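K.L.:
Sharing a model prediction with you, sequence too.
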Amino acid sequence: MGFNKKNTPLFYLVLLFCLTFSLTLQSNGHPGHLYISAINNSDHPYDDKLPTNITEVSPPTTENTHQAFCALDQPTLNTVQVNESDIIWYDRASHGNPLAPNTLLQDGFTYYAAQVKGDEESTLRLAISISLLIPSSPTTDKPTQVFSTTENPTIADLEIQETYIVWYDAPEGGNLLSLETPLQNGIAYYAAQVISNCESVKRLKVMAEIHQPSDLKVTKTVNNDHPMIGEKVTLTITIANDGTTDFKDITITEHLDRGVDYVNAKSTIGSYNASDHIWTLSSLPSRTTAVMELVVKATSLGNYSSNSTLETSTPIDKESENNSAEITLEPSCLTIYNEFTPNDDGKNDYFKIDCIETFPESELQVFNRYGALVYQKKAYQNDWRGLANVSGVVGNGEPLPTGTYFYKLKTDDISENITGWLFLRKD
């Protein structure tokens, strides 16, 4: 009888090993196929030959393992580029949870794809990292923007700090608006910033106010445009809202020349800052007027202009021709008073010449009615009390008698000497 190899203990030992190996493959995620080759005896003419190779599924491939998407598009795993078609997505490189194809992508996450062929799945998985482009919402300093009907404003006139902007008629979805779209009063418009063809998820709301044309008008008067040096005068500055639209955030600057000194100010609306000479009004309703009385005094420094100018307003005043007003004072200088009473009663005791302090190189000469010089002084400062300082009919330092005298005033700034008469009275 021939020897039967299948009945030997060695055969059963090999069979047990193959069965154990097959079960191990199944527990590791591989389909279990048992391929057993009969133990061949080189001396026996019969061999049992069965397949011995196990086919491994390769992982999927991609053109880019780091892929970027626009967050506004709400991309899903279906939008991720993978070369193969039969794919299962996971949240981990091994094991983990399978993900549905419509799972929304998250910024900074990595997703893992396994390829499927038949009943088999690749052991290795393809890792793809995701970036979502999320442009920030645009910004503006003016959430409400005011225009006049005369401007015919459009979307292009809305002020936004960023450069690349698209406009919509709704905070989400809605219709895309062209830059030529006319603005309407009381309507909100929504701006999205665009970066790399990607729009911001959140849009900026801007309200438009379209008003009938209005005008701010500045006028100015003075109660005395020929004051004496040192005399106080009142400048009255008026700003009128000549229209149907309210104005806000109004500032008016007051420029005073060196010859005009500020004393005080009061206004019916708003406040005046004496340090920077700005009159501020938070608002000026339609058809109303604000008035400020500015008290100043003329000094001896020359240049006596005062200019009031509208600097800012909301909305901007388009009629700029009447946005400023100027007053120029003409102080009475070198006015010579031709009578004084040096009797020490504290009234009119000195010979007075207005503005003489502005002429430090001046020279005053006084003569009696016979033409004799009785008094002279350079850089006269309104300090002559009727005493002679030139020896003559009356001694030096002696009081001059009551009578008519003649004066001559020499100044460098005046080409001709100023002459005239004066009356000195002692009683």
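P.N.:
That came through, no problem.
K.L.:
From here on, just use CA atoms for contacts and neighbour counts.
P.N.:
OK.
K.L.:
Low-confidence regions, the stretch 201-350 of the chain specifically.
P.N.:
Across the stretch 201-350 of the chain, nothing is flagged by pLDDT under 70.
K.L.:
What ranges does it have for its helices?
P.N.:
In the stretch 201-350 of the chain, no segments count as helices under DSSP state H, counting those that start in this stretch.
K.L.:
Buried residues in stretch 367-374, which are they?
P.N.:
Phe367, Asn368, Leu373, Val374 (16 or more other CA atoms under 10 Å).
K.L.:
For the second one, which non-adjacent residue is closest in space?
P.N.:
Looking back up the chat, that one is Asn368. Using CA to CA, 6 or more residues apart in numbering and skipping the chain neighbours, the partner closest in space to Asn368 is Tyr405 (4.8 Å).
K.L.:
ok so that neighbour is a strand residue?
P.N.:
Yes. Membership of Tyr405 in a strand is supported by DSSP: H, G, I helix; E, B strand; the rest coil.
K.L.:
which residues does it bridge with?
P.N.:
Leu422 (DSSP bridges).
K.L.:
Now do it against Thr245, distance only.
P.N.:
Tyr405 is 67 Å from Thr245, where distance means CA to CA, to the nearest Å.
K.L.:
and if you look at Thr312?
P.N.:
As judged by CA to CA, Thr312 and Thr245 stand 16 Å apart.
K.L.:
Please identify which of those two sits among more neighbours.
P.N.:
Neighbours were counted for Thr312 and for Thr245 using other CA atoms under 10 Å; Thr245 has more, 19 against 15.
K.L.:
Chain neighbours aside, what residue packs nearest to the more buried one?
P.N.:
Using CA to CA, 6+ apart, the nearest residue to Thr245 is Ser286, at 5.2 Å.
K.L.:
what about the residue positioned nearest the centre of the chain, is that helix, strand or coil?
P.N.:
For the chain, Asp141 is the residue whose C-alpha lies nearest the centre (CA atoms, centre = their mean; 6.1 Å). The three-state assignment at Asp141 reads coil, by three-state DSSP.
K.L.:
contacting residues for it?
P.N.:
Contacts of Asp141 were listed using CA atoms under 8 Å, 6 or more residues apart in numbering, and they are Ile160, Gln161.
K.L.:
please redo it, this time with the cut-off set to 10 Å
P.N.:
Asp141 sits next to Glu159, Ile160, Gln161 when contact means CA atoms under 10 Å, 6 or more residues apart in numbering.
K.L.:
What distance do you get for it to Asp73?
P.N.:
Distance from Asp141 to Asp73, by CA to CA: 29 Å.
K.L.:
hmm, back to that, list the contacts of the residue nearest to Thr245.
P.N.:
Listed by CA under 10 Å, 6+ apart, the contact set of Ser286 reads Ser214, Asp215, Leu216, Ala240, Asn241, Asp242, Gly243, Thr244, Thr245, Asp246, Phe247.
K.L.:
For the residues you listed, pick the one with the most neighbours.
P.N.:
Top of these by neighbour count (other CA under 10 Å): Leu216, with 25 neighbours.
K.L.:
And Ile195, what's its pLDDT?
P.N.:
For Ile195, the model assigns a pLDDT of 93.
K.L.:
which residues sit in contact with the residue lying closest to Thr251 once chain neighbours are set aside?
P.N.:
Spatial nearest neighbour of Thr251, excluding adjacent residues (CA to CA, 6+ apart): Thr280 at 4.6 Å. Residues near Thr280 by CA under 10 Å, 6+ apart: 248-253, 267, 269-273, 312.
K.L.:
Over to Leu422?
P.N.:
So Leu422 contacts Ile336, Tyr337, Asn338, Glu339, Phe340, Phe351, Val366, Gly403, Thr404, Tyr405, Phe406, Tyr407 (CA under 10 Å, 6+ apart).
K.L.:
what's the spacing between it and Thr411?
P.N.:
As judged by CA to CA, Leu422 and Thr411 stand 19 Å apart.
K.L.:
swap in Thr251?
P.N.:
Per CA to CA, Thr251 is found 44 Å from Thr411.
K.L.:
avg pLDDT for stretch 57-70?
P.N.:
96.
K.L.:
Let's see it as PDB, backbone CA atoms only.
P.N.:
The C-alpha atoms that make up stretch 57-70 are tabulated as PDB, following Å, rounded to 0.1, in the frame of the first residue of the first chain:
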ATOM      1  CA  VAL A  57      -5.100  47.800  -2.200                       C
ATOM      2  CA  SER A  58      -2.900  50.900  -2.600                       C
ATOM      3  CA  PRO A  59      -3.900  54.200  -1.000                       C
ATOM      4  CA  PRO A  60      -5.500  57.000  -3.200                       C
ATOM      5  CA  THR A  61      -3.500  59.800  -4.700                       C
ATOM      6  CA  THR A  62      -3.900  63.600  -5.100                       C
ATOM      7  CA  GLU A  63      -2.400  66.500  -7.000                       C
ATOM      8  CA  ASN A  64      -2.000  68.500  -3.700                       C
ATOM      9  CA  THR A  65      -1.900  67.300  -0.100                       C
ATOM     10  CA  HIS A  66      -2.600  70.800   1.200                       C
ATOM     11  CA  GLN A  67      -5.800  72.300  -0.300                       C
ATOM     12  CA  ALA A  68      -7.300  75.700   0.300                       C
ATOM     13  CA  PHE A  69     -11.000  76.700  -0.100                       C
ATOM     14  CA  CYS A  70     -13.200  79.700   0.400                       C
END
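K.L.:
buried sites along that stretch?
P.N.:
Within stretch 57-70, the residues that count as buried by 16+ other CA under 10 Å are Ser58, Pro59, Pro60, Thr61, Thr65, Phe69, Cys70.
K.L.:
Would you reformat these as TSV and include secondary structure and distance to Glu180?
P.N.:
Shown next, in TSV, are those (DSSP: H, G, I helix; E, B strand; the rest coil; distance: CA to CA, whole Å):
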residue	secondary structure	distance to Glu180
Ser58	coil	56
Pro59	coil	53
Pro60	coil	50
Thr61	coil	48
Thr65	coil	43
Phe69	strand	31
Cys70	strand	27
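K.L.:
any idea which of the residues you listed is closest to Thr150?
P.N.:
Closest to Thr150 out of these is Cys70 (40.7 Å), distances taken as CA to CA.
K.L.:
count of residues packed around the spatially closest residue to that closest one that is not a sequence neighbour?
P.N.:
Leaving aside its sequence neighbours, Cys70 sits nearest to Leu133 (CA to CA, 6+ apart; 4.8 Å). When neighbours are counted by other CA under 10 Å, Leu133 registers 19.
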